[in-house]
Every structure is written in structure tokens, then in C-alpha cells.
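# sequence first, then the predicted structure:
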Amino acid sequence: MSRLLLRDLAQLATPAGSPAPLRGDALDEVEVIEDAYVLCEDGRTVAAGRMRDLERLDGDVVELDGRGLSAVPGFVDCHTHACFAGDRLEEFSLRAGGATYEELHATGGGILSTVRTTRAASAEELETAVSRHRGWMLRAGTTTFEAKSGYGLDRETELAQLRAIEAAGGIPTWLGAHAVPPEFSDADTYLDFAIAEVLPEAARIATAADVFVENGAFDARQARRYLSACRDAGLSLRIHGDQFTEQGAVPLAIELDARSVDHLEVTGPEGVRALAASDVSAVLLPASALFLDRPMPPARALVDAGAAVALATDFNPGSAFCESLPLVCSLAATQLKLSPAEALAASTVNAAHVLGLGDRKGRIAPGYDADIVLLDAPDWRYLAYHLGHDHVSTILVGGRLAELP
Ligand code: NIG
Ligand code: FE
């Protein structure tokens, strides 16, 4: 048995427990313990509480001094595009000069430019890229990450992406419907190919499927066809929706019982009401809205209406070159008007629910995986308050000290 005791922590902060995602007022109910300990055994948290209630421990225990540090659950990034080769620096410079993301996409840049560089990379190069990006995420406190394919859009590269994500310890999502690659004349012909030739093997590696519902990508009818086939193959469903225009992504997600709709920058009151009345999570990506200078999603309205809200980075080379969930929590507080407690719950336990891991990840509580981040801060809220700071001093993954890159 391996045991580790985090002792004399300035604070421990953990979201409330729930078998379902936290909604409404419950999202704000972070439990805070001053002068705290956490006891981990064989990869799990077995006890947490006040130092003065810590019982005598017999046998071998490794102790870690937590004085001056605040413990929060390891962050869960439930939406990234961490498997890509190359960069979009030229495009970034063009956008700085006034070009828009949609214009670059329409002229064969954007996503398709990363498709070209990713197709040209070997399987080993893709594995190296994901593990490098995983290191960046870990450095920022992310202990669980999802990552999507979608920069191959051919059989070999899509499957190589999914395998590279799996090899780096990520949770792979098949984003087979991210864009229509240039060798296909239209979206329907491409989907015929993707469903017949890629889905059977992709469904063996990935846990979910995703589609970009937008002008210039896929419409709701095409997305329904793709997602229905993916669901029949055993995948859970995600949708990139309402990023630039409302195209029916929200009703489609509800109709198909999808796990989430992600983005929602332009979702109106009807979409907010529909999501709040459903089991579909709203995944908000404020780093992407900031990076593209787009409107922020209606986070406050979604939380107040009772939707299951999660936060993620959307880490990718084009629309959100940002791997930091602490930064996303700062944006949640300053731009989305979520409290630090709501931001913490949305980027830990609610994000874990989007990945189907809500009973194991995202809380510091008995029975949960001992994935814990120690912040070099006297109060856990510094993680949102101290903008752009590197707060992370120590990380436990499965009860073991992680080596930070
Ligand atoms: O979530 N919107 C579509 N897909 C990604 C962007 C991918 C890219 O630009 O490379 C997103 O923002
Ligand atoms: Fe995305």
C-alpha cells in the first residue's frame, strides 16, 4: 500500500459532490477547509479535513509539507485540439492586422492549414507533439485532458491522431467532421467516406465524436447524419455549436442526447432556456472568444437558468493557443462574471462529467482519484485573481508526485 499525506495546507478547496453535474446555486458551493490535510492511498483520496482532526497514522506514510500552499482538484480540460503539427503564427499576424478567422477559413487557411501540416507529420511526430502539449497543460495544473482529432480528415491521419492522444494519456474524441478536406467536392460526399472508412476504427479508440456545426463546415442535417452513425458505433456525442452563427446545434444536441455543446458565443435566450432544461452540458471556451476577439458566451444566463456549465481551454493553434485553465478561470471571473467558486467547479468536476468521469475526477474527496494541484498561494481564489501567473507548485496525479516539465 502506498500512502501520502499532504499536511498543514493553508487551504483546501473542493467543489460539492454530486452524481450529476452541478447546476445553479450548487455550482457556487465550494467547500473550503483552512489548515487542512489530505490522505491518499493507492492513487485515491481516502480522507481530507482539518489538521486538528487528523488521526494518528501507523505504518509507512510519505509526508508532504503544505505550509503556505492551497490545494484544489487537478483541472480537467474537457475540450482541446492538442494533436497538431506546425503553427498558425502567420495567420495570427494577419488577424492582428485585421483579417478575421472566418475569412482565413474561407480562403483555405484556418483549420485546413493545420490539416496540411498535420498530414505531413509522421505518427511519431504527432506523439511527440501531444506529449509536449500535455506537458504544457500539466504545468498549468491540468491532470486530465480530452483531445480531438480533426486535423487529418483522411483515414490514416485521423487514426494516427487518436492513437497519439491515447499514447499521451489523453481522452480521444474523433472530430471527423471538423471541415471538408479539399479532395472532396462537398460535405455529404466527405461524410459518406468518413462514416464508411474511418468511423469503424475510430470508434475503437475514441470515446466520443464531435462535429463543427457552422457555415463553411457542416449544417445541422449533415451533423445529425454523422452523429447518429457515431452514436450507433457506441460513441458519446459532442458538438461545436453557436460559435459564429446559430445553426440549430443546441436543439440537435438535445435531440441526440449529446454530452455537450461547446462554444455558444452567439447562443440566444431560447438556446439558454433549452440547454437549462436538458442534460446537455454547456462547455464555455472564453480563451477562444478572447483570442478571436469574439463575444463572450452568455455564461451568467446559463448558470442562472440552471444549465450544467463547464469551462475548457479549446487549446489549438488557430483559435485558442492557450493551455491554461487557471487563465480560463480568470477570464471566467472577469469576462463571464462567474465567481471563482463557479469557475473552479466548472473546470474540475463539471468538466469531468462531460467526459463521463464525474464520479472519479474533479474533487478532493474520499473515493476520488488523488489528482491534486498545490497552488503557491494563501487562498485558492488566487488562481482566478492573479492574472496569467504560474501558480502551480506541486501536482499529484493518482497520488504520485508528477514531474513538471
Ligand atoms: O474549437 N471551431 C472549430 N474548431 C476549433 C478551431 C480549430 C482551429 O482553428 O484550428 C475551435 O475553435
Ligand atoms: Fe474546439
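Everything's here; your move. Numbers count the residues shown, from 1 in each chain. Ligands and ions are numbered 1, 2, ... in the order given.
# residues in this structure within reach of ligand 1, list them.
81, 110-111, 114, 212, 240, 243, 288, 314, 316-319 (CB under 6 Å from any ligand atom). Just so you know, the C-beta spots here come from the backbone N, C-alpha and C atoms, and that holds for glycine as well.
# tell me which residues of whichever strand or helix holds Gly135 are tucked away?
Assigned by DSSP states H and E, Gly135 belongs to helix 123-139. Neighbour counts over helix 123-139 (16 or more other CB atoms under 10 Å) mark Leu126, Glu127, Ala129, Val130, Ser131, His133, Arg134, Met137, Leu138, Arg139 as buried.
# after it, next one along is what?
strand 142-148.
# strands paired with that following strand, and their directions?
Applying DSSP bridges, strand 142-148 is found paired with strand 75-77 (parallel), strand 171-177 (parallel).
# rounded mean pLDDT for the helix or strand just after that strand, please.
For strand 142-148, the following helix or strand on the C-terminal side (DSSP H and E) is helix 155-167. Averaged across helix 155-167, pLDDT comes to 98.
# buried stuff in helix 155-167?
Neighbour count says helix 155-167 has Thr157, Glu158, Leu159, Ala160, Gln161, Leu162, Arg163, Ala164, Ile165, Glu166 buried, by 16+ other CB under 10 Å.
# sec struct for the closest residue to Arg52 other than its chain neighbours, please.
Nearest residue to Arg52 in three dimensions, chain neighbours excluded: Asp35, at 7.4 Å (CB to CB, 6 or more residues apart in numbering). Three-state assignment for Asp35 (DSSP: H, G, I helix; E, B strand; the rest coil): strand.
# these two touch, right, Asp35 and Gly49?
No. Using CB atoms under 8 Å, Asp35 makes no contact with Gly49, being 10.0 Å away.
# about what we covered before: what is the burial count for the residue nearest to Arg52?
Using other CB atoms under 10 Å, Asp35 has 16 other residues around it.
# now do it against Pro200, distance only.
Remark: distance between Asp35 and Pro200 (CB to CB, to the nearest Å) = 55 Å.
# quick one: secondary structure of Gly108?
coil.
# elements contacting the helix or strand containing Val46?
Following DSSP H and E, one finds Val46 within strand 44-50. Counting contacts by 3 or more CB pairs under 8 Å, 6 or more residues apart in numbering; DSSP states H and E, strand 44-50 packs against strand 31-41.
# buried ones in the strand it packs on?
Ile33, Asp35, Ala36, Tyr37, Val38, Leu39, Cys40, Glu41.
# now the two most distant members of these.
Asp35 and Glu41 (21.6 Å; CB to CB).
# got the end-to-end distance for stretch 392-405?
In stretch 392-405, first residue to last residue: 12 Å (CA to CA, to the nearest Å).
# need the pLDDT of Gly109.
pLDDT at Gly109 comes out at 88.
# and if you look at Met1?
Confidence score, pLDDT, at Met1: 78.
# which residues touch it?
Neighbour list for Met1: Glu41, Asp42, Gly59 [criterion: CB atoms under 8 Å, 6 or more residues apart in numbering].
# out of those residues, the closest to ligand 1 would be?
Lowest distance from ligand 1 to the contacts of Met1 (CB to the nearest ligand atom) belongs to Asp42, with 37.1 Å.
# follow-up on the earlier one: next helix or strand past the strand holding Val46?
By DSSP H and E, the next helix or strand past strand 44-50 is strand 62-65.
# neighbouring contacts of the helix or strand following that following strand?
For strand 62-65, the succeeding helix or strand toward the C-terminus, using DSSP H and E, is strand 70-73. The contact list for strand 70-73 (CB under 8 Å, 6+ apart) reads 6, 9-15, 36, 38, 141, 344, 348-349, 361-364, 368, 371-375, 377-380, 382-383.
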